[in-house]
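Novice: what follows is a protein structure lacking sequence information:
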């Protein structure tokens with residue numbers, strides 16, 4: 001009875017060890033099948049994370065292609081190690097499981113959280129499904145959800161899954177956050193050529209007649225404009241007093257005023 005129990009325990013131990021080795025080997029083999037992910041595979045080997053991953057039976061690796069991972073390749077070894085650890089989820093997710101998510105956000109634990117160095121949720125990932133698309137980002141408050149799910153590269157249900165995301169995820173506190181590139185600027189509208197300007201319609205006579213000209217604007221003042229008169233020569237005034245009328249002159253003036261006798265007879 002004791003021998004059977006010992007054999008069963010030994011068989012279980014061998015099975016667990018074999019499963020762990022298969023999981024680690026599968027990661028390397030899957031990356032070898034896709035040359036477009038060789039950079040990330042080399043980074044996992046360089047940081048020796050494959051040995052740490054061997055301890056876990058259920059994991060999901062977020063893979064980034066060679067042309068999108070260049071933003072983290074020049075980081076320090078410690079910084080690169082921490083960033084890569086946040087791309088290893090301690091749970092199984094593939095395309096079917098991601099598409100089955102509801103339109104909400106969930107938190108996923110990463111390998112970095114197991115180090116005990118996680119602060120302010122930088123050891124967790126935020127996964128949000130929005131309008132049928134799935135986005136990944138750091139669970140730290142106000143972190144961007146900049147990495148989008150692309151496709152599943154490899155999946156062994158409930159054991160190992162490797163899925164592709166559009167760009168690497170850098171949690172605040174581990175390094176500077178990486179944001180998606182801005183959209184290209186809108187093209188400038190070319191200015192009209194002189195030929196196009198000459199073909200523009202001329203203003204209508206009505207608008208030209210009614211439009212105020214410079215003369216109208218200058219004469220719009222309320223002050224009257226004095227008219228210029230030709231200069232004339234004025235006789236010099238005689239300062240001597242006028243002669244007083246005499247008695248003979250007054251008689252002559254009276255006689256002129258009386259009607260003549262002929263005019264009276266005719267009347």
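Specialist: Looks like it arrived, so ask away. Fair warning: this is a prediction, and the values are worked out from it, not measured in the lab.

Novice: which residues does stretch 95-106 contact?
Specialist: Residues outside stretch 95-106 that contact it (CB atoms under 8 Å, 6 or more residues apart in numbering) are 126, 127, 128, 129, 130, 131, 134, 149, 151, 152, 155, 163. Yep, even glycine has a C-beta here, placed from its N, CA and C like the rest.

Novice: what pairs with the helix or strand containing residue 129, parallel or antiparallel?
Specialist: When elements are assigned from DSSP states H and E, residue 129 belongs to strand 124-130. Here strand 124-130 is paired, per DSSP bridges, with strand 105-109 (antiparallel), strand 133-138 (antiparallel).

Novice: buried sites along it?
Specialist: 124, 125, 126, 127, 129 (16 or more other CB atoms under 10 Å).

Novice: do stretch 50-57 as well
Specialist: 52, 53, 54, 56.

Novice: want to throw those residues into CSV with pLDDT, distance to residue 98 and secondary structure?
Specialist: CSV is the format used below for the buried residues of stretch 50-57 (pLDDT from 0 to 100; distance: CB to CB, whole Å; DSSP: H, G, I helix; E, B strand; the rest coil):
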residue, pLDDT, distance to residue 98, secondary structure
52, 85, 25, helix
53, 82, 21, helix
54, 72, 25, coil
56, 87, 20, coil
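
Novice: where does pLDDT dip in the stretch 101-250 of the chain?
Specialist: The model of the stretch 101-250 of the chain has pLDDT under 70 over residues 175-250.

Novice: repeat that with 50
Specialist: In the predicted model of the stretch 101-250 of the chain, residues 177, 179-180, 207-226, 228-240, 242 satisfy pLDDT under 50.

Novice: that older thread, closest one of the buried residues of stretch 50-57 to residue 67?
Specialist: Distances from residue 67 to those, taken as CB to CB, are shortest for residue 53 (24.5 Å).
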